[in-house]
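>>> What would the 3D arrangement of this be:
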Amino acid sequence: MLDEVYDDEAVQEELTVTPGFRFYPTEEELVGFYLRRRVQAGGHPLNFDIIIPTLDLYRYDPWELSGFAHDAGEIQWFFFVPRDHKKSCPRPNRLTVSGYWKATGSDRTVRNELLQCIGLKKFLVFYKGKGPSGQKTDWIMNEYRMPDLNSSANKMKDIVLCRIYRKARDKRARPNPVEKEEAVVSGDKYEENSHSTITLKQSSIQ
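Numbering: from 1, shown residues only. This is a model prediction of the structure:
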């Protein structure tokens with residue numbers, strides 16, 4: 001499956017320089033292939049590092065991240081991010097220069113085609129200013145982590161894969177491919193339907 005499709009390094013390297021190449025991985029591919037291999041490799045370079053660079057993204061505001069992304073012109077950017085914990089708290093530190101990323105809703109399980117849990121997904125929204133009275137923005141993050149992240153003694157597993165994108169401001173506009181797959185944000189809540197997609201709550205539609 002995933003390993004059989006992507007293990008050819010020559011194919012990977014060719015994709016990174018092929019004109020017209022667009023990177024639209026599924027969640028299973030993000031966690032089951034890319035994140036898993038980054039964890040297994042530790043600090044060693046991988047042939048797909050050019051596609052998903054490693055960055056301490058909390059040193060920057062979200063609108064500054066395009067300069068570090070593989071394809072700044074795309075509607076979504078991917079980064080491997082080392083987890084920076086607060087000194088007096090095991091919770092990750094998600095403060096940036098101008099604001100903070102706030103986790104929203106419950107974590108969702110990422111499963112493979114055999115319905116096995118291969119990772120966890122967290123939704124976050126960027127707020128300008130200082131909490132808890134920051135100003136909500138339309139910047140969204142999906143943070144993917146390995147399921148044994150907090151219990152592992154291996155510090156190299158304390159790394160996550162983040163997808164950053166910007167939500168369309170006009171709800172009447174046609175949603176971009178990321179929003180179709182991911183979520184429509186309503187306040188600070190998400191509602192998940194039986195098909196594992198996120199839909200806008202009916203009560204919030206004006």
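>>> now the strands: where do they sit in this protein?
Ranges of strands in the chain, per DSSP state E, are 76-82, 99-111, 117-128, 135-145, 159-166, 191-192, 198-199.
>>> The protein: helices as residue ranges?
Using DSSP state H, the helices of the chain run over residues 2-6, 9-17, 27-29, 36-41, 177-181.
>>> Okay, now the unreliable bits of this protein?
Scanning the chain for pLDDT under 70 picks out 1-20, 72-73, 84-91, 148-157, 169-206.
>>> Quick check: which of the strands of the chain is nearest to Gly42?
Closest of the strands of the chain to Gly42 is strand 159-166, at 9.7 Å (criterion: Cβ to Cβ). All C-beta atoms are positioned from the backbone trio N, CA, C, and that covers glycine.
>>> okay if I get the strands of the chain as TSV plus distance to Asp49 and mean neighbour count?
As requested, the strands of the chain are exported to TSV (distance: least, Cβ to Cβ, whole Å; neighbours: other Cβ atoms under 10 Å):
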stretch	distance to Asp49	mean neighbour count
strand 76-82	8	20
strand 99-111	22	17
strand 117-128	20	19
strand 135-145	17	19
strand 159-166	12	21
strand 191-192	33	14
strand 198-199	30	16
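>>> now those in CSV, with distance to Val31?
Compiled in CSV, the strands of the chain are given as follows (distance: least, Cβ to Cβ, whole Å):
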stretch, distance to Val31
strand 76-82, 12
strand 99-111, 5
strand 117-128, 4
strand 135-145, 5
strand 159-166, 7
strand 191-192, 18
strand 198-199, 18
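>>> Determine which of those strands approaches Thr26 most closely.
strand 99-111 (9.6 Å).
>>> now the closest one against strand 159-166, angle please.
110 degrees (axes from the mean of the first three to the mean of the last three Cα atoms, to 10 degrees).
>>> Now do the spatially closest residue to Trp101 that is not a sequence neighbour against Lys102, distance only.
Counting by Cβ to Cβ, 6 or more residues apart in numbering, Trp101 lies nearest to Arg94, which is 4.0 Å off, once chain neighbours are set aside. With the distance defined as Cβ to Cβ, to the nearest Å, Arg94 ends up 8 Å from Lys102.
>>> what sits in contact with each of those two?
Leu124 (Cβ atoms under 8 Å, 6 or more residues apart in numbering).
>>> so what's the closest residue to Gln135 other than its chain neighbours up against?
Once flanking residues are discounted, Gln135 sits nearest to Lys128: 4.5 Å by Cβ to Cβ, 6+ apart. Contacts of Lys128 were listed using Cβ under 8 Å, 6+ apart, and they are Ser98, Gly99, Gly134, Gln135, Thr137.
>>> what's near enough to touch Ile159?
Counted by Cβ under 8 Å, 6+ apart, Ile159 has contacts Leu35, Arg38, Val39, Thr54, Phe80, Val81, Pro82, Arg83.
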